[in-house]
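J.: quick one, what's the 3D model for this:
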Amino acid sequence: MVTVVRDDLPGLLATRASLRAQTLAAYDWFVADGGSTDGTARWLACHGGEAVWWRSSPDRGLYDAMNTALDAITERAPSCGPPCSHVLFLNAGDRLADSQVLERLLPILTASPAAGLFYGDSLEELPGGCLVVKPARSHRRALLGMFTHHQAMVYRLTALSSVRFDLRHTLAADYAFTLTVLKQGDPAHRLPLSVCIFSPGGRSQREPARGRREQADIRRELLGLGSAANATLRVLQWLALTVRQTIPWLYAKYRFSPNERSFLS
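T.: Numbering: from 1, shown residues only. All right, here's what the predicted structure looks like:
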């Protein structure tokens with residue numbers, strides 16, 4: 001489990017509470033703090049025993065911190081056992097979908113040791129606190145963009161031996177990362193569960209135009225997609241965002257489904 005944080009102690013504590021609520025504590029927690037000044041670093045110094053590894057120092061942003069944590073996991077993997085066989089990125093403020101996620105997830109991971117990627121649905125919190133399911137699309141439609149939230153993806157650690165986040169992309173490096181894993185040819189499996197509660201308000205949501213540009217660059221570099229096809233996809237992405245912002249009920253009708261369980265159920 002990798003958590004990246006900078007100046008968000010409440011978010012870190014929410015993520016920690018989600019992990020502590022799990023009915024099966026089959027995880028090692030790696031926390032990369034980007035040199036916070038809001039008390040996060042102090043909290044980690046006092047509670048560092050809850051993580052098998054943590055550090056607090058300036059970095060070049062979210063994806064640089066993720067790379068640092070991945071390097072730490074790779075170094076520790078031979079000595080820290082089965083929990084280090086797979087990686088889930090759960091950033092500060094993000095939570096697991098319910099208290100049984102890891103209990104349900106572990107047998108699935110064990111049954112498919114050759115799979116390089118597992119991915120499931122996400123929960124999103126709408127204004128007013130209502131949780132809805134955002135179903136994952138098939139990984140075979142990765143051309144269209146991220147097919148589920150990054151926090152709902154579980155990667156096999158050995159599939160990441162030569163894969164790191166490309167720091168040229170400040171918003172869509174997780175897309176390039178995931179495409180690179182898929183291109184290696186290992187099987188990808190759809191999980192029959194919601195994995196995370198996505199914490200809204202990140203940079204990708206605040207700067208959608210930049211995110212679309214970065215995704216277009218990534219499709220050109222990794223998938224060889226031409227300019228015309230890329231332009232068409234960018235228009236479709238813009239249209240989907242516009243519908244979500246201006247006609248939210250219509251977007252919700254086609255993209256969300258009711259959530260039957262709360263986080264604490």
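
J.: what residues of the helix or strand encompassing L241 count as buried?
T.: In the assignment (DSSP states H and E), L241 maps to helix 227-246. Within helix 227-246, the residues scored as buried using 16 or more other C-beta atoms under 10 Å are 230, 233-234, 237, 240-241. In short, each C-beta sits where N, CA and C put it, glycine included.

J.: what angle do the next helix or strand after that helix and helix 227-246 make?
T.: Per DSSP H and E, the first helix or strand lying C-terminal to helix 227-246 is helix 248-255. On the basis of axes from the mean of the first three to the mean of the last three C-alpha atoms, to 10 degrees, helix 248-255 is oriented at 120 degrees to helix 227-246.

J.: let me know the average pLDDT across the next helix or strand after helix 248-255.
T.: Once helix 248-255 ends, the next helix or strand along the chain (criterion: DSSP H and E) is strand 257-258. What strand 257-258 shows for mean pLDDT is 76.

J.: give the contact list for A32.
T.: The contact partners of A32, by C-beta atoms under 8 Å, 6 or more residues apart in numbering, come to 2-5, 54-55, 59, 65-66, 68-69.

J.: do that again at 6 Å, thanks
T.: 4, 65, 68-69 (C-beta atoms under 6 Å, 6 or more residues apart in numbering).

J.: pull out the buried residues from those.
T.: 4, 65, 68-69.

J.: which one of those is nearest V132?
T.: For those, the closest approach to V132 (C-beta to C-beta) belongs to V4, at 25.3 Å.

J.: next SSE downstream of the helix or strand harbouring that closest one?
T.: Following DSSP H and E, one finds V4 within strand 2-5. On the C-terminal side of strand 2-5, the nearest following helix or strand under DSSP H and E is helix 9-20.

J.: list the buried residues for that next one?
T.: When burial is assessed from 16+ other C-beta under 10 Å, helix 9-20 yields the following buried residues: 9, 11-12, 14-16, 18-19.

J.: do stretch 20-37 as well
T.: For stretch 20-37, the neighbour count (16+ other C-beta under 10 Å) marks 22, 27-34, 36 as buried.

J.: kindly export that stretch (C-alpha atoms) in CSV.
T.: Once non-C-alpha atoms are left out, stretch 20-37 reads as follows in CSV (Å, rounded to 0.1, in the frame of the first residue of the first chain):
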residue,chain,number,x,y,z
ARG,A,20,-7.0,0.2,10.2
ALA,A,21,-10.7,-0.7,9.6
GLN,A,22,-9.8,-3.7,7.4
THR,A,23,-10.9,-7.1,8.6
LEU,A,24,-7.7,-8.5,7.2
ALA,A,25,-4.5,-6.5,7.8
ALA,A,26,-2.7,-8.1,4.8
TYR,A,27,-0.7,-5.1,3.8
ASP,A,28,2.5,-3.1,4.4
TRP,A,29,2.1,0.7,4.4
PHE,A,30,4.6,2.9,2.6
VAL,A,31,4.2,6.6,3.1
ALA,A,32,6.0,9.3,1.1
ASP,A,33,5.5,12.8,2.4
GLY,A,34,6.8,15.7,0.2
GLY,A,35,8.2,17.7,3.1
SER,A,36,4.9,18.8,4.7
THR,A,37,4.7,21.8,7.0
